[in-house]
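In: Quick one: sequence and predicted model below, then my questions.
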Amino acid sequence: MSYFEHHVFFCCNQRQNGESCCNDHGASALQTYAKERTAELGLKGEGRVRINKAGCLGRCDDGPVIVVYPDDVWYTYVDKEDIDEIIDSHLVAGRIVERLRLPGDAA
């Protein structure tokens, strides 16, 4: 068994050359929001959920992006409501949020 039931990585990459990147879409602020919300819901910690920042996850053109392990599910999002839906549906209820899943992500 994995140390965490779900390990969520937010791409918070900030490119310096002007190319589009996840942090241009508020990734760092929404990662902080997700971390605080999972703590408020009692989901944080061993055997539960871990929310982390990551450098470039290599999918900035689809961004902003997060990946949920060990499920290997990739999402995009726009705002707090999308993050809430991912937390409530995927992390709490175990249901993938198909409308936010990245195109080409395996079913």
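Out: Received it, and whenever you're ready, just let me know what you need.

In: Please verify my assumption that residue 5 contacts residue 46.
Out: No. The pair residue 5 / residue 46 is not scored as a contact, 9.4 Å apart, by Cβ atoms under 8 Å. (Each C-beta comes from the backbone N, C-alpha and C, glycine too.)

In: which of the residues in the longest helix belonging to the chain are buried?
Out: Criterion DSSP state H: the longest helix present in the chain is helix 27-40. For helix 27-40, the neighbour count (16 or more other Cβ atoms under 10 Å) marks 27-28, 30-31, 33-35, 37-38 as buried.

In: who has more neighbours, residue 5 and residue 46?
Out: Neighbour count, other Cβ atoms under 10 Å: between residue 5 and residue 46, residue 5 has more, with 16 against 8.

In: Could you export whatever helix or strand comes next after the longest helix of the chain as CSV, CA atoms only?
Out: Downstream of helix 27-40, the first helix or strand assigned by DSSP states H and E is strand 49-54. The C-alpha trace of strand 49-54 is given here as CSV (Å, rounded to 0.1, in the frame of the first residue of the first chain):
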residue,chain,number,x,y,z
VAL,A,49,-4.1,12.8,0.8
ARG,A,50,-0.9,14.8,0.1
ILE,A,51,-1.0,17.9,-2.0
ASN,A,52,2.3,19.0,-3.5
LYS,A,53,3.8,21.6,-5.8
ALA,A,54,5.8,20.2,-8.7
